[in-house]
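Student: fold the following, please.
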Amino acid sequence: MPEQRNLKYRRERLGQALREEIETILEGELGDPRIGLTNVTAVQLAPDGKSAHVLVAVQGGEPEAEQTLAGLAAARGFIRHELAERLQLRHAPELFFALDKGQHYEARIDQLLKRIKQNKK
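Tutor: Okay, the predicted model is just below:
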């Protein structure tokens, strides 16, 4: 049982390190004009560590988000290479980028709650 806990702890630490490094790479090292203002909100590492889903929040509307995802998909190999080099990983996980829709859901819920509150008055 302690081995499983250690593996889970290592996976969490690696996920956090991946999130920080990917965000650093996105902030200043990618020259792709399609990639706009992007924040990495979470990295979900697979149990075997061979793949990772990177959730990103993009400033702007739906067209900007689609362009950013296309740019990130094109830069996937570069980002993976940089991660392996910076974190000294023998095998960097395969990266899959997806939009984090949590902020959109939060804004919609707030809007609905305000509407309900106004209707009660």
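
Student: need the longest helix for the chain.
Tutor: Longest helix in the chain, counting residues (DSSP state H): helix 2-28.

Student: partner strands of whatever helix or strand comes next after that helix, parallel or antiparallel?
Tutor: With elements assigned by DSSP states H and E, the helix or strand that comes after helix 2-28 is strand 38-45. Here strand 38-45 has these sheet partners by DSSP bridges: strand 51-58 (antiparallel).

Student: what's the pLDDT at the residue lying closest to residue 82 once chain neighbours are set aside?
Tutor: Excluding the flanking residues, the one nearest residue 82 by CB to CB, 6 or more residues apart in numbering is residue 25, at 5.6 Å. Bear in mind the C-beta positions are built from the backbone N, C-alpha and C, glycine included. Here the pLDDT value assigned to residue 25 is 90.

Student: residue 84 now?
Tutor: 91.

Student: what helices or strands is the longest helix of the chain leaning on?
Tutor: Packed against helix 2-28 by the contact rule (3 or more CB pairs under 8 Å, 6 or more residues apart in numbering; DSSP states H and E) you find strand 38-45, strand 51-58, helix 76-86.

Student: check which element follows the last one along the chain.
Tutor: Secondary structure here is assigned by DSSP H and E; on that basis, the next helix or strand after helix 76-86 toward the C-terminus is strand 94-99.
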